[in-house]
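**Q** Quick one: sequence plus predicted model below, questions after.
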Amino acid sequence: MDHSKLPKGSVLNATGVRLNNNALRDLAGLEEFLDAVLDDPSELRWLDLSHNQLTRVDPVILKYPRLSCVYLHGNKIESIREIDKLSALEELSKFTAMGNPIEERADYRMYVPHQLQKVRSLDFIRVTPTDRDKVAAWHALRPKR
């Protein structure tokens, strides 16, 4: 990033990026974009991709293991299995996917916290210890594939 236009002594420590409401269909070029706008892309903690046209969870997101917040609400994700990819983000604690076709599944609020074990907030609603107990019971009773 070119810091020549910043006031002397300025430090940019941005760790979040909003790419919401951009009609994005995929995340081609995301890595290059983050390299250009962030001082240290490996420190990316917060990524807002809400209200786009995304149909899947692009693996490029996994290149940022420090992500603790990912917003994907208001997209076009149809396969609940896309959420599985995010389980590799060990620091992920806030996640949204409401407003995607996957939200219409009866097991949506059980499946997501089961796959994303450290998520404390799903669709801006706290995941409580009682919720975790329900998720565990649901998983124990669900048919194995």
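**A** Looks like it came in fine. Since we're looking at a predicted model, the values are computed, not measured.

**Q** any idea how far the residue lying closest to L44 once chain neighbours are set aside lies from K76?
**A** Closest residue to L44 apart from its sequence neighbours, by CB to CB, 6 or more residues apart in numbering: Y64 at 4.3 Å. Using the backbone N, CA and C atoms, a C-beta is placed for each residue, glycine as well. Note on Y64: its distance to K76, by CB to CB, to the nearest Å, is 22 Å.

**Q** Can you list the buried residues in stretch 39-53?
**A** Within stretch 39-53, the residues scored as buried using 16 or more other CB atoms under 10 Å are 41, 44, 46-52.

**Q** now do the same end-to-end measure for that stretch.
**A** This stretch, stretch 39-53, spans 28 Å end to end (CA to CA, to the nearest Å).

**Q** where does this structure dip in pLDDT?
**A** Low-confidence segments of the chain, defined by pLDDT under 70, span residues 1-13, 145.

**Q** Make TSV from the buried residues of stretch 39-53 and add secondary structure and distance to T15 to it.
**A** Listed next are the buried residues of stretch 39-53 as TSV, based on DSSP: H, G, I helix; E, B strand; the rest coil; distance: CB to CB, whole Å:
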residue	secondary structure	distance to T15
P41	helix	10
L44	coil	6
W46	strand	6
L47	strand	10
D48	strand	12
L49	coil	16
S50	coil	18
H51	coil	21
N52	coil	21
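
**Q** which two in these are spaced the farthest apart?
**A** Farthest apart among these by CB to CB are P41 and H51. That separation is 22.9 Å.

**Q** Please tell me how far K63 sits from L27.
**A** To L27, K63 is 10 Å away according to CB to CB.

**Q** Settle it for me: which of those two has more neighbours?
**A** More crowded of K63 and L27, by other CB atoms under 10 Å: L27, with 19 against 14.

**Q** Count the neighbours of the closest residue to N100 other than its chain neighbours for me.
**A** If the residues on either side of it in the chain are set aside, N100 comes closest to I77, at 4.2 Å by CB to CB, 6+ apart. Neighbour count of I77, defined by other CB under 10 Å: 20.
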